[in-house]
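Asks: requesting a structural model of the entry that follows:
(one chain, ligands or ions: 1)
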Amino acid sequence: MPALPRSFSVSAAGTWRQCPRRWRFRYVEKRADPPGEPALLGTFVHRVLELLCAEPADGRDLDRARRLAAEAWPETAEDPDYVALGHDAEAQRNFKWRGWTAIQALWQIEDPADVEVRATEARVEATVGGVPFFGVVDRLDVEADGLAVTDYKTGKAPRPGDVPKSLDQVLLYAAAVEDHLGERPARARLYYLGSGVHQTDVTDSGLDGAVERFAESWAGVGRACAADDFPPDVGPLCGWCPYVADCPEGGDEVRSRAARGRLRDDAPARVLLGLPA
Ligand code: SF4
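Replies: Now for the predicted structure:
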């Protein structure tokens, strides 16, 4: 019987909700889940913005950000996961340009020189809804009416109907900050760099909903571990699952989608299953 993990993160909960079997591969068997290009781009952007926020407020301008991006670039360029992408010079230029475009987009949202930053990339361990929570808060700001939790996103903003659910992540960070510091943040927000901001005040009802959903996932993990039963949940995302070659149901799903022309050409499962591109 698999042991319960010592902590549960927002991304672990997301994996659980996507597919219990994928969760088992990742969190019980502890198999690697190498970051793809979008995640590596996000890491580069987060690093530059972290360095920017460590600067004195009046020095946080675009010129400084450009220099910090140049200084931070070798960390990404030498990362084995980035090297594994096999970028040629043009692909690397394109990657760096997309990163810089996302960094610059922060100025469309705010002037970083006006932000009072209390912490960046803050690791938070807390008890949230009875669940041992772990997370990394991108940025915690001090504003006139209290603290604000901010998470940067370099991917696409959610469709309008998915916005409330997407805010669960930052509401859970707000709950963890409250447990950790004894102070409830006033607001929680997602900065989609290049496509705007989604935010919410941190209220009892908002927190209750997010925490309840998170605790339900944790309870599901507990039941699955007790029974050692992690069923596959097949769907389009099997095409992006790093474990598809060891999952018969997921493999069948991907092959069936490929045969029907319903699998994107860039789905990593094509390589993992030896399907034609
Ligand atoms: S291939 Fe699909 S069903 Fe199998 S573990 Fe991955 S996501 Fe789950």
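Asks: what residues does the one helix or strand residue 16 maps to touch?
Replies: Residue 16 is located in helix 10-18, with elements delineated by DSSP states H and E. In this structure, residues lying in contact with helix 10-18 by Cβ atoms under 8 Å, 6 or more residues apart in numbering are 5, 22-23, 26-27, 135, 168-169, 172-173, 214, 217-218, 220-221, 233, 237. In short, each C-beta sits where N, CA and C put it, glycine included.
Asks: so which bits of it are buried?
Replies: 10, 12-13, 15-16, 18 (16 or more other Cβ atoms under 10 Å).
Asks: how near is the spatially closest residue to residue 91 that is not a sequence neighbour to residue 26?
Replies: Take residue 91 and drop its neighbours on the chain: the residue closest to it by Cβ to Cβ, 6 or more residues apart in numbering is residue 85, 7.6 Å away. As judged by Cβ to Cβ, to the nearest Å, residue 85 and residue 26 stand 21 Å apart.
Asks: the more surrounded of the two?
Replies: Counting neighbours by other Cβ atoms under 10 Å for residue 85 and for residue 26 shows that residue 26 has the greater number, 20 against 15.
Asks: tell me the secondary structure at that one.
Replies: Classification of residue 26 by DSSP: H, G, I helix; E, B strand; the rest coil places it in helix.
Asks: who's in contact with it?
Replies: Residue 26 neighbours (Cβ under 8 Å, 6+ apart): 12, 15, 33, 243.
Asks: got CSV for those residues, with pLDDT too?
Replies: Listed next are these as CSV, based on pLDDT from 0 to 100:
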residue, pLDDT
12, 97
15, 97
33, 91
243, 97
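Asks: and the ligand, which of these reach it?
Replies: When those are checked against the ligand using Cβ under 6 Å from any ligand atom, the ones in range are residue 243.
Asks: give me the nearest residue to residue 130, chain neighbours excluded.
Replies: The shortest distance from residue 130 to any residue other than its chain neighbours is 6.2 Å, reached at residue 215 (Cβ to Cβ, 6+ apart).
Asks: and the one you found, that's in a strand?
Replies: No - under three-state DSSP, residue 215 falls outside any strand and is assigned helix.
Asks: so what's it up against?
Replies: Contacts here follow Cβ under 8 Å, 6+ apart; on that basis residue 215 touches 128-131.
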